[in-house]
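> compute the structure for the input listed below.
(one chain, ligands or ions: 1)
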Amino acid sequence: MQSSIHILNGPNLNLLGKREPAIYGTDTLDDVRRACEARARKLDIAVVFRQSNHEGQLVDWIQEARDTAAGIVINAGALSHTSIAILDALQAADKPVIEVHLSNIYRREVFRHHSYVSAAAKGVICGLGPIGYLLALDAMADLLASR
Ligand code: DQA
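Numbers count the residues shown, from 1 in each chain. From the prediction side, this is the model:
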């Protein structure tokens, strides 16, 4: 496969491991990145792994992915529940999108039950912790291979 899968992470995910560990676990984002890179090697795919606390930066990265990525795996954090700009960027990207959340957003506060990202996603994985990212990569590799 020539182009890579872009794994994009939104606000506060840089605090993973320290932030509300009862909800998000003790793995750091660096642990998640390393696990994704290891899975990508097994799947023989390339990944680009990024995190930003800024909506505009995420929009810029999604626009970049439009030109260079085969697919997008995104955990937009709280912006999932608020950002029409991210939804518009994902729809404009015209690539397969898989949405990931570490926590089960449907077992939490009502304001987390709606995600704008879902409207652009082929599939959604939530509640499984960091394994969700690896399942998303498996699914994306499968999806791209069957195209
Ligand atoms: C999250 C869920 C969001 O509701 C929250 O704002 C996050 C993390 C998750 O991975 O479970 O920042 O996306």
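
> contacting residues for N9?
L29, F49, R50, Q51, S52, I74, N75, A76, G77 (Cβ atoms under 8 Å, 6 or more residues apart in numbering). C-betas here are computed from N, CA, C, even on glycine.

> try G25
L16, G17, L102, G129, P130.

> out of those, flag the one nearest to A145.
When the contacts of G25 are compared for distance to A145 (Cβ to Cβ), P130 wins out at 23.5 Å.

> and the closest one, how far is that from E64?
The gap separating P130 from E64 is 24 Å, by Cβ to Cβ, to the nearest Å.

> and the two? Which one has more around it.
Using other Cβ atoms under 10 Å as the criterion, P130 and E64 rank with P130 on top: 19 against 15.

> quick one, what contacts the more buried one?
Counted by Cβ under 8 Å, 6+ apart, P130 has contacts G25, D27, D31, V32, A35, L102.

> again with A69
Contacts for A69 (Cβ under 8 Å, 6+ apart) come out as S3, S4, I5, H6, V48, A93, K95.

> for the residues you listed, pick the one with the most neighbours.
Of the contacts of A69, with other Cβ under 10 Å as the count, I5 tops at 27 neighbours.

> hang on, the earlier thing: show me the contacts of A69 that map onto strands.
When the contacts of A69 are checked against strands (DSSP state E), the matches are S4, I5, H6, V48.

> which among the residues you listed gets closest to the ligand?
H6 (16.8 Å; Cβ to the nearest ligand atom).

> spell out which residues of this structure are next to the ligand.
By Cβ under 6 Å from any ligand atom, the residues of the chain that approach the ligand are N12, N75, G77, A78, S80, H101, L102, S103, I105, R112.

> the fourth one - that's part of a helix, no?
Yes - in this structure, A78 lies within a helix as judged by DSSP: H, G, I helix; E, B strand; the rest coil.

> so it makes contact with N53?
No - A78 is beyond contact range of N53, at 10.2 Å (criterion: Cβ atoms under 8 Å).

> understood, closing this out.
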